[in-house]
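In: Just to be clear, the model below is a prediction. Sequence and coordinates:
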Amino acid sequence: MSSADSVEVVDSSGLRYDTISFLSDFGTADEFVGVVHSVIRSIAPNVGVVDVSHGIPKFDTRAGGLALARAANYLCPGVVVAVVDPGVGTDRRPVALEVGDGMSILVGPDNGLLAPAVGMVGGATRAVEIRNPDFLLPAAGGSTFDGRDVFAPAAAHLCLGVPMTDLGPEIDPASLMPGVLPISRFEPGADGDELVCEVLWVDHFGNCQLNVDPLEILTLGSEVIVSINDDDRVGLRAEAFDEIPTGRVGLVVDSSGLISLAVSRGSAAVELELGEGIEIRIRALPDGDRPRGAVTPVQFGTRPDTQLGEL
Amino acid sequence: MSSADSVEVVDSSGLRYDTISFLSDFGTADEFVGVVHSVIRSIAPNVGVVDVSHGIPKFDTRAGGLALARAANYLCPGVVVAVVDPGVGTDRRPVALEVGDGMSILVGPDNGLLAPAVGMVGGATRAVEIRNPDFLLPAAGGSTFDGRDVFAPAAAHLCLGVPMTDLGPEIDPASLMPGVLPISRFEPGADGDELVCEVLWVDHFGNCQLNVDPLEILTLGSEVIVSINDDDRVGLRAEAFDEIPTGRVGLVVDSSGLISLAVSRGSAAVELELGEGIEIRIRALPDGDRPRGAVTPVQFGTRPDTQLGEL
Amino acid sequence: MSSADSVEVVDSSGLRYDTISFLSDFGTADEFVGVVHSVIRSIAPNVGVVDVSHGIPKFDTRAGGLALARAANYLCPGVVVAVVDPGVGTDRRPVALEVGDGMSILVGPDNGLLAPAVGMVGGATRAVEIRNPDFLLPAAGGSTFDGRDVFAPAAAHLCLGVPMTDLGPEIDPASLMPGVLPISRFEPGADGDELVCEVLWVDHFGNCQLNVDPLEILTLGSEVIVSINDDDRVGLRAEAFDEIPTGRVGLVVDSSGLISLAVSRGSAAVELELGEGIEIRIRALPDGDRPRGAVTPVQFGTRPDTQLGEL
């Protein structure tokens, strides 16, 4: 479907990209994910498909965008297909976004889903609206499954070397729907400054990731007051889930490098009645209650080299 | 295990088929799916396995057959393994069914599961009962896991080029258990003709697919009465989920080309208390209630070329 | 990262191992599994990853160990990554265990998870503690995701031919945490000898696997008394789930070669209120109640050749 002279640099396998990373809210009960895999394989049989997750809560573009951003540094260079798409069939645009000067291309709906990951790797260097029917499947019925009919075939053709600009007209990256992420902030409270933050993500184990960098709470001490719905608990800094004493709330630097609330061998979300988006306030213990002796600062690892694009 | 002269046409990789599409009711909590993958890989390491779905409701051959039929047009040519098999270990036959004159072979129990997909691609051109122990695994215990011991090794050997007829004796395709699918029909009702149909499938998002072709309700208008358990609601024809106004029931042409009941960013199954097999009646609005002006007919896409077999 | 002279025997693809089998309690809602796949693919792109299961109950090393042992005979030779790791980040050791004189290597935490599978294939022939940062990823934050930062990169490098002893210091296999599996036993009871056993595993279908070899109950007859919490039921030996009469409890030789309690097209776990670890007592029917005529012994299949290691 593309002439040889328009094909971009390819590797020894004849592929421009050999990996498609795929994230969606399709769940695994139905055949949606399998059909997308089949469409990709029928167009580009030698491309490997890595399922990032298909358990994004239905229609939740914020949760999908955060999951993609958390994974982004670890994904193989190549094409990313992300589909959380409540507006499928409407005039929201299907887009392909180049990052890292071509190291990777993200494909999905222009509804903010791709924005956090794209932002993490330095923004889109080029963008197109996917429209060219030569590289799409004709819909069998209504336009309700663009994952199958638009995003999968577009991604597979990109792997084969079809130039991104063959998929449709270039659009201004600045016109893309932004992702809106909550920023934590310090506010004066009755007992001193409070860090106002919120739960970004509750994981499978019930750990509650906050939009808090460990540096933000370094000065508050190894024990802090964690206030949830005006209910105060003492939170303990810990370096491992299993170091949190039974019955206590731990603050752990998690695998994304952010602070997560956790309990030992249980679900912090269940025990603290927390969910995504719930506000949390963190403040220092009153002076009299502060533990004596040295505060152990958390050790920071360095982030591995980014795979997906260039920071 | 097969002599060179009995091997059928192979591709450059030395494989007769390079893809196994795999559907089951095994769920993903246990190691069943992984063990089947391992068995295939140990016999035919270069074959790609595409998981169509393992979330078919337990023992539900109808639901499994419908899922396979919905996916069939998109599956790669090759071998399909489908296992929803409450009768495993009894005298129900394990079978391999050739479709499209050898373009694909479906492997599974002869219990109606394979029938809808086989029907969609024109019926089986040949069939065998899988019996030859040379191409099966010895059961480690009882005969309770034919996915592992019978269907996976049979499929892997088919990919390697073992002729289907080496797996066991040919059987008459007409002797295979049929799949029984409900047919929708028009019946006279108190307020004019009613289309009597039922819910074929509730998907992950709660959309309820009906056994209704859009052409059947084209003449009823852009708004119709949808009657569920004698409770009447006004249903609105819509081309995208997000075009359905909040609080309204939409009738959308879905990705299979059938009519689905849907609500915007919610579950029609939950809101309408619908499940698979429940009867629905659809009729035109009474004259006085019909919206004025032009009725917008749904746009039909064309079906892409069938992959699995020949229509 | 490894010099040519230290690399072990490789196959024609240049790989020492071409398969990683991966089991965890990560669930499939989050991106954990996809990130591990991505890390492996970024290091060893030509290695195939088979997902054994990611539905192990959270933190349940016993359940994970049993699942791995059940699967072990069917896994492809290669590297096994198993991660059920409540002690991640503490001083529990990350280890690599060689079995079958190098046929396979199991990678995971030293917390008993690997023990049942290693025991099944004859024990570890060598063991190392994984410590060498050259073959690991730097943690992006805390040490809470060793699947990504330790086990996946270690496994990928083993596939590339990095000698196991390059990963860290050798340790004594006898120092590894054992897996403790319950042994069934006969005890004198009020109505004769009772086999005291327990539920090892409740599968997706609700079948309840017992730690009972069919030979142990062969002499008890084709019908037995199954006592659960002092509630007696008559259990019927059956060779297939569908041979169990409705309303009866069946004892079936399952796909692991052990006895499972089952009901026809339903969940024995739900109907009998059973869960993993619950004690069961099995005894012969009183003489007067014993069925007349021949008792049909269960047919035993032979186990296929072990793939993972050597028995």
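Out: Structure received. Keep in mind that what you see is a predicted model, and the values were worked out from it rather than measured.
In: what does the stretch 1-150 of chain A have sitting close to chain B?
Out: A:26-35, A:37-39, A:41-42, A:45, A:58-59, A:86-90, A:137-145, A:148-149 (CB under 8 Å from any CB of the partner chain). Quick note: C-beta positions are derived from backbone N, CA and C, even for glycine.
In: Need the three-state assignment for A:Val226.
Out: strand (DSSP: H, G, I helix; E, B strand; the rest coil).
In: Burial check on it, number of neighbours?
Out: When neighbours are counted by other CB atoms under 10 Å in any protein chain shown, A:Val226 registers 21.
In: how about the helices in the stretch 1-150 of chain A?
Out: Taking DSSP state H, counting those that start in this stretch as the test, the helices found in the stretch 1-150 of chain A are A:32-43, A:61-72, A:115-120, A:146.
In: between those helices, which gets nearest to C:Thr165?
Out: Across these, C:Thr165 has its closest neighbour in helix A:61-72 (32.3 Å, CB to CB).
In: any chance of the helices of the stretch 1-150 of chain A in TSV, with mean neighbour count too?
Out: Listed next are these as TSV, based on neighbours: other CB atoms under 10 Å in any protein chain shown:
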stretch	mean neighbour count
helix A:32-43	25
helix A:61-72	26
helix A:115-120	23
helix A:146	24
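In: For these, give me TSV that also has distance to B:Ile259 and mean pLDDT.
Out: What follows is the helices of the stretch 1-150 of chain A, written out as TSV (distance: least, CB to CB, whole Å; pLDDT from 0 to 100):
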stretch	distance to B:Ile259	mean pLDDT
helix A:32-43	19	98
helix A:61-72	27	97
helix A:115-120	35	95
helix A:146	19	97
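In: JSON lines for these, including distance to B:Gln209?
Out: Formatted as JSON lines, these follow (distance: least, CB to CB, whole Å):
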{"stretch": "helix A:32-43", "distance to B:Gln209": "13"}
{"stretch": "helix A:61-72", "distance to B:Gln209": "24"}
{"stretch": "helix A:115-120", "distance to B:Gln209": "33"}
{"stretch": "helix A:146", "distance to B:Gln209": "18"}
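In: Tell me which of those helices approaches C:Pro214 most closely.
Out: Going by CB to CB, the one of the helices of the stretch 1-150 of chain A nearest C:Pro214 is helix A:32-43, 36.8 Å.
In: counting contacts, what elements does that closest one pack onto?
Out: strand A:19-24, strand A:48-53, helix A:152-160, strand B:19-24, strand B:48-53, helix B:61-72 (3 or more CB pairs under 8 Å, 6 or more residues apart in numbering or on different chains; DSSP states H and E).
In: let's see it at 6 Å
Out: Judged by 3 or more CB pairs under 6 Å, 6 or more residues apart in numbering or on different chains; DSSP states H and E, helix A:32-43 is in contact with helix A:152-160, strand B:48-53.
In: most packed of the ones you listed?
Out: Most buried of these, by mean neighbour count (mean count of other CB atoms under 10 Å in any protein chain shown): helix A:152-160, with a mean of 27.
In: how about it, does it get close to chain B?
Out: No - in terms of CB under 6 Å from any CB of the partner chain, no part of helix A:152-160 sits within range of chain B; the closest distance is 9.4 Å.
In: So, low pLDDT: which residues of chain A?
Out: By pLDDT under 70, the low-scoring segments of chain A are A:1-12, A:288-311.
In: So which bits of it are right by chain C?
Out: By CB under 6 Å from any CB, the residues of chain A that approach chain C are A:50-53, A:55, A:67, A:71, A:74-76, A:203-205, A:239-240, A:242, A:252-257, A:265, A:301-304, A:307.
In: Could you dump the helices and strands packed on helix A:32-43 into JSON lines with distance to A:Leu210 added?
Out: Shown next, in JSON lines, are the helices and strands packed on helix A:32-43 (distance: least, CB to CB, whole Å):
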{"stretch": "helix A:152-160", "distance to A:Leu210": "33"}
{"stretch": "strand B:48-53", "distance to A:Leu210": "35"}
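In: Okay, buried residues for stretch A:189-199 please.
Out: A:194-199 (16 or more other CB atoms under 10 Å in any protein chain shown).
In: How about the residue in chain A that chain B sits nearest to, nearest residue that isn't a chain neighbour?
Out: As assessed by CB to the nearest CB, chain B sits closest to A:Gly89 within chain A, at 2.9 Å. Spatially, and ignoring its direct neighbours in sequence, A:Gly89 is nearest to B:Ala240 (2.9 Å; CB to CB, 6 or more residues apart in numbering or on different chains).
In: Please verify my assumption that the one you found contacts A:Arg92.
Out: No - under the criterion of CB atoms under 6 Å, B:Ala240 makes no contact with A:Arg92, lying 9.5 Å away.
In: neighbour count winner among those two?
Out: B:Ala240 (20 against 17).
In: what separates that one from A:Pro86, distance-wise?
Out: B:Ala240 is 10 Å from A:Pro86, where distance means CB to CB, to the nearest Å.
In: Repeat that for A:Val80.
Out: A:Val80 is 19 Å from A:Pro86, by CB to CB.
In: Which strands and helices lie in contact with the helix or strand hosting A:Trp201?
Out: Under the criterion of DSSP states H and E, A:Trp201 resides in strand A:192-202. Where contact means 3+ CB pairs under 6 Å, 6+ apart, strand A:192-202 is packed against strand A:185-189, strand A:208-210, strand A:279-284.
In: any idea which of those is most buried?
Out: By mean count of other CB under 10 Å, the helices and strands packed on strand A:192-202 have strand A:208-210 as the most buried, with a mean of 25.
In: contact partners of that one?
Out: Applying CB atoms under 6 Å, 6 or more residues apart in numbering or on different chains, the external contacts of strand A:208-210 come out as A:197, A:199-202, A:254, A:258-261, A:268-269, A:274.
In: Next: stretch A:48-61.
Out: Residues from elsewhere that reach stretch A:48-61 (CB under 6 Å, 6+ apart): A:19-26, A:28, A:33, A:37, A:40, A:63-64, A:67, A:71, A:84, A:86, A:111-113, B:205, B:265, C:28-29, C:31, C:34, C:37-38.
In: number of nearby residues for the closest residue to A:Ser264 other than its chain neighbours?
Out: Nearest non-adjacent residue to A:Ser264, counting by CB to CB, 6+ apart: A:Ile244, 4.4 Å away. Counted with other CB under 10 Å, residues neighbouring A:Ile244 total 24.
In: Hmm, A:Ile244 is touching A:Leu251, no?
Out: No - using CB under 6 Å, A:Ile244 is not in contact with A:Leu251, being 9.1 Å away.
In: intersection of neighbour lists for those two?
Out: Both A:Ile244 and A:Leu251 lack any common contact, where contact means CB under 6 Å, 6+ apart.
In: next one: phi and psi at A:Leu251?
Out: For A:Leu251, the backbone dihedrals (degrees, to the nearest 10) come out as phi -110, psi 110.
In: ok, now A:Pro214?
Out: Per degrees, to the nearest 10, the backbone of A:Pro214 is at phi -50, psi -30.
In: Since that was my last question, I'll sign off now.
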